[in-house]
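> Let me see the structure of the following:
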Amino acid sequence: MAKKQIVLFLLIVCLPLAMLAWLGARIVRDEQRMVRQRFDDLVAGKLRDVDRTVASFFDDRGRELLSLTELPGFDPDTLREVARGEPLVGQLLVLGADGTLIHPHPANELNDAERDFLVRAEQVLIDKDLVRAGSADHDAPTQARTAAPTHGWYAWYWGPGLNLIFWHRLESGRIVAVALPRARWIADLVAELPETPLPSSPDRAAPDPRIALVDSNGATVYQWGNFEPAEGARADVEIRLSEPLASWRLQYFAPAGQLATTPRGAYFGLVVGLVAAGVALAAMAVLFYREYAREMREALRRVNFVNQVSHELKTPLTSIRLYADLLESDLMQLDAADAAKPQERVKVIVGESERLGRLIGNVLTFARQQRGKLALRPGAGVIDDAIAALIERFEPAMQQKGIEVRFEGAAAARVRFDADALAQILGNLFGNVEKYAAAGKLMEVTSFQQNERTIVTVADRGPGIAPAQRQKVFDAFYRISDNIRGVVGAGIGLSIARELARLHGGDLTLVASQQGACFRVELHTPPAEGG
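Just a heads-up that it's a prediction; the model follows:
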């Protein structure tokens, strides 16, 4: 199998297979994203259930504290007695409607707990945050304003982290607030959450996912589930808690096996599909290759047959030419009147035999080109002499068609070139003028040399070549007209002529002309030694 055929075979198989693999991988990735999204939504729903548990805990605490703050009086001793008797209360705080501190008042005699609280809550009292929390939003548009809340939670930070205050605005405008003991409300909250199980037993198939309650500092307050994530591992899913713990988060960590976002069947189906597609494509490529190889063998047999026939025709053609020359010599010995008509017929025989010789030469040259054996045999000579000799050979056929030949030669230097190749190139061009442009009655041939290049142009006054066909005429087997009653030809003449010109270090091109067709032959012709 030739290298080009191997490359073509691989392209036929690999390109579609690569496209299918890319498409399959994209489908699997989309499936991964969908499965992972469903997994995240499911876990987020589970975490929101925990968040609802936390919110319910604070709702219950709020209702208890709401009734507790309905105080009949604000005597300091009574307030201290309430604070000592209620485990939910760390410190009772009473503010005026304008935020003025009523209890514990710094001017009164304070106990240690009250003094400590005033130090910790100093900024809250100075900024009057509790007053603002219980006020209506006066900056909002009138239609968007809501009634001022009567109670709620206020979160503030001191020492180890988050602290909570429940406040209640009374009808008198005063605000009664309860600072919750941090350790107590955290312990009560943890008691509402699921229990932390014992470490997994070795024979357990898979541990339960770990859910962690994390505070605003990133420290784990509580966790449950017996899966142990690696230190510093990122949570698979994370949500923020509702008020008043909006700065706290719930994090979910799952074992790697539970996070397999692509079903095994997806990868298995993709691999099986690619294998099946690869086998099908390989089978198609093999069938195409066999058909291609069969056609190539058939074409090669045809070329070999034509080549053999052409070689066989050369022998009788040589005999025809030889006897035509002998007959022409015999006629020269007769009277001019008696020999005139036979000589015209002999010229026809010579001209047609030369035409047949050129056709055979084209076929043999094309066969050598197809086998990659086309080569030049340069020798020393004069381009103008070769052109003049070729014109002389074509003169009988041109005269018969009424075509005038004009030659202006300016390539008289002795150079190295392949005379047979030049004859075949120009012979094809002259033959085309004879076949296609006889109506123009003129063929002009010019030549000149420049440095080591020789340029020969062949122009006619015929119908010319349409712009759409100017490049196609150099393709093998292309003919301007396929009408079998018109001009006959195999359509390989110009293809061979261009190949020979390029092999000679030049090119054959069709140049623009006002009338007819004009071909330009350029050859590399270095000076001949001693020339």
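
> avg pLDDT for stretch 20-35?
The average pLDDT within stretch 20-35 is 80.

> in it, what's buried?
The neighbour-count criterion (16 or more other CB atoms under 10 Å) identifies 20, 21, 24, 28, 35 as the buried residues of stretch 20-35. Every residue, glycine included, has its C-beta placed from N, CA and C.

> can I get these in JSON lines with secondary structure and distance to residue 503?
JSON lines is the format used below for those (DSSP: H, G, I helix; E, B strand; the rest coil; distance: CB to CB, whole Å):
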{"residue": "20", "secondary structure": "helix", "distance to residue 503": "44"}
{"residue": "21", "secondary structure": "helix", "distance to residue 503": "45"}
{"residue": "24", "secondary structure": "helix", "distance to residue 503": "50"}
{"residue": "28", "secondary structure": "helix", "distance to residue 503": "55"}
{"residue": "35", "secondary structure": "helix", "distance to residue 503": "64"}
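
> Please name the residues that touch residue 238.
Residue 238 is in contact with 249, 250, 251, 252, counting by CB atoms under 8 Å, 6 or more residues apart in numbering.

> cutoff 7 Å now
The contact partners of residue 238, by CB atoms under 7 Å, 6 or more residues apart in numbering, come to 249, 250, 251.

> you'd agree the second one is up against residue 45?
No. Here residue 250 does not reach residue 45: they are 11.9 Å apart, not a contact under CB atoms under 7 Å.

> Would you confirm that residue 184 contacts residue 87?
Yes. With contacts counted by CB under 7 Å, residue 184 reaches residue 87, the gap being 6.4 Å.

> Between those two, point out the one with more neighbours.
The neighbour count for residue 184 versus residue 87, taken as other CB atoms under 10 Å, is higher for residue 184 (13 against 9).

> now residue 456: how far from residue 506?
10 Å (CB to CB, to the nearest Å).

> Between those two, which has more neighbouring residues?
Remark: of residue 456 and residue 506, residue 456 carries more neighbours, 26 against 21, as counted by other CB under 10 Å.

> Low-confidence ranges, the stretch 151-300 of the chain, go.
Low-confidence segments of the stretch 151-300 of the chain (pLDDT under 70): 197-206, 257-268, 270, 299-300.

> That one: helices as residue ranges?
In the stretch 151-300 of the chain, the helices defined using DSSP state H, counting those that start in this stretch lie at 182-192, 264-331.

> what does the stretch 401-531 of the chain give?
Going by DSSP H, counting those that start in this stretch, the stretch 401-531 of the chain shows helices at 419-436, 493-503.

> got the CA positions of the longest one in CSV?
If I follow you right, that is helix 419-436. Written as CSV, here are the backbone C-alpha positions of helix 419-436 (Å, rounded to 0.1, in the frame of the first residue of the first chain):
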residue,chain,number,x,y,z
ALA,A,419,15.4,19.4,-28.4
ASP,A,420,12.9,16.6,-28.3
ALA,A,421,11.1,18.1,-25.3
LEU,A,422,11.0,21.5,-27.0
ALA,A,423,9.7,19.9,-30.2
GLN,A,424,7.0,18.1,-28.3
ILE,A,425,5.9,21.2,-26.4
LEU,A,426,5.8,23.4,-29.5
GLY,A,427,4.4,20.5,-31.6
ASN,A,428,1.4,20.4,-29.3
LEU,A,429,0.9,24.1,-29.5
PHE,A,430,1.2,24.2,-33.3
GLY,A,431,-1.1,21.2,-33.6
ASN,A,432,-3.7,23.0,-31.5
VAL,A,433,-3.5,26.1,-33.9
GLU,A,434,-4.0,23.7,-36.8
LYS,A,435,-7.0,22.0,-35.1
TYR,A,436,-8.7,24.8,-33.3
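
> Walking through the stretch 1-150 of the chain, point out its helices one by one.
Under DSSP H, counting those that start in this stretch, the stretch 1-150 of the chain gives helices at 3-68, 76-85, 112-120, 122-127, 129-133.

> From residue 342, how far off is the residue sitting furthest away from the middle of the chain?
Using CA atoms, centre = their mean, the residue of the chain lying farthest from its centre is residue 335. It sits 84.6 Å away. Computed with CB to CB, the distance linking residue 335 and residue 342 is 11 Å.

> Same question for residue 57.
Distance, residue 57 to residue 342, using CB to CB: 130 Å.

> Looking at those two, which one has more neighbours?
Legend: neighbour count by other CB under 10 Å for residue 57 and residue 342, higher for residue 57 (17 against 14).

> if you skip the residues just before and after it, what's nearest to the more buried one?
Closest residue to residue 57 in three dimensions, ignoring its sequence neighbours and counting by CB to CB, 6 or more residues apart in numbering: residue 192, at 5.0 Å.

> wait, the one you found sits on residue 59?
No. Checked against CB under 7 Å, the pair residue 192 and residue 59 is beyond contact range at 11.7 Å.

> Next up, identify which helix or strand residue 397 is on.
Using DSSP states H and E, residue 397 sits within helix 383-401.

> Mind giving me the packing neighbours of that helix?
For helix 383-401, the elements it packs on are helix 336-370, strand 404-410, helix 419-436, strand 442-450, judged by 3 or more CB pairs under 7 Å, 6 or more residues apart in numbering; DSSP states H and E.

> Packed most tightly, which of the ones you listed would that be?
Among the helices and strands packed on helix 383-401, helix 419-436 has the highest mean neighbour count (mean count of other CB atoms under 10 Å), at a mean of 22.

> Specify the angle between that one and helix 383-401 in degrees.
Here helix 419-436 runs at an angle of 30 degrees relative to helix 383-401 (axes from the mean of the first three to the mean of the last three CA atoms, to 10 degrees).

> picking up where we left off before, nearest to residue 178, of the buried residues of stretch 20-35?
Nearest to residue 178 among these is residue 35, at 47.4 Å by CB to CB.
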